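S.K.: Next come a sequence and a model predicted from it.
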Amino acid sequence: MKSLLQRRSALAWLAVVAAGTAGPAHAGAYDDFLRAIARDDAATVASLLRRGFDPNARDPKGQPALILALREEARQVAEVLIAAKGLKVEERNAKDESALMMAALRGNLPAARGLIARRRWPSPCRRPRSSPSSSAISNICVSSGGWRRAAWR
């Protein structure tokens, strides 16, 4: 019995020493991705995407990465994400906001034009005005020439 207690205390002591010398834990790619969006670090995001990271990842609150980048006004990261293969530009958050809507609300005309150019969804220019955000999208459609490509239905 005494030797069993000695072994357990020795193992516990060894675990404490090992934990103290192991150094800090390294964050995963997911944490690096979210930090890069917050810092507008396009190089890190591009590197993660080249290594196979999903451009459609969501933060812990369920925000798609592109909407998060546009909301935080991380314009360089948004540009990298818009150009990323496999990006689902039509993804929406829990409040039913789209990336195009967020770009319009933040006044990010290059991002809005890039999203319209991807044309993964029916033209946003065809939707009737029903809210301030849809009015902002309509204004971007006018400035990007969307009215010439899409007729009202």
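M.R.: Cool, got the structure.
S.K.: Which residue ranges of this structure form strands?
M.R.: Taking DSSP state E as the criterion, the chain contains no strands.
S.K.: pLDDT weak spots in it?
M.R.: 1-27, 119-153 (pLDDT under 70).
S.K.: If we use 90, what do you get?
M.R.: 1-27, 89-90, 116-153 (pLDDT under 90).
S.K.: Tell me where it has helices.
M.R.: All helices of the chain, identified by DSSP state H, fall at 2-21, 29-39, 42-50, 65-71, 75-83, 99-106, 109-118, 132-143, 146-149.
S.K.: Against which helices or strands is the third one packed?
M.R.: The one in question is helix 42-50. The helices and strands touching helix 42-50, judged by 3 or more Cβ pairs under 8 Å, 6 or more residues apart in numbering; DSSP states H and E, are helix 29-39, helix 75-83. Backbone N, C-alpha and C define where each C-beta goes, glycine included.
S.K.: Compute the inter-axis angle for the last one and helix 109-118.
M.R.: Put plainly, it is helix 75-83. 0 degrees (axes from the mean of the first three to the mean of the last three Cα atoms, to 10 degrees).
S.K.: again with the first one
M.R.: Between the axis of helix 29-39 and that of helix 109-118 there is an angle of 130 degrees, by the same axes, to 10 degrees.
S.K.: Next, format the helices and strands packed on helix 42-50 as JSON lines and append mean neighbour count and distance to residue 109.
M.R.: Below are the helices and strands packed on helix 42-50 laid out as JSON lines (neighbours: other Cβ atoms under 10 Å; distance: least, Cβ to Cβ, whole Å):
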{"stretch": "helix 29-39", "mean neighbour count": "17", "distance to residue 109": "20"}
{"stretch": "helix 75-83", "mean neighbour count": "22", "distance to residue 109": "11"}
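S.K.: Rebuild the ones you listed as JSON lines, extending it with distance to residue 59.
M.R.: Shown next, in JSON lines, are the helices and strands packed on helix 42-50 (distance: least, Cβ to Cβ, whole Å):
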{"stretch": "helix 29-39", "distance to residue 59": "6"}
{"stretch": "helix 75-83", "distance to residue 59": "13"}
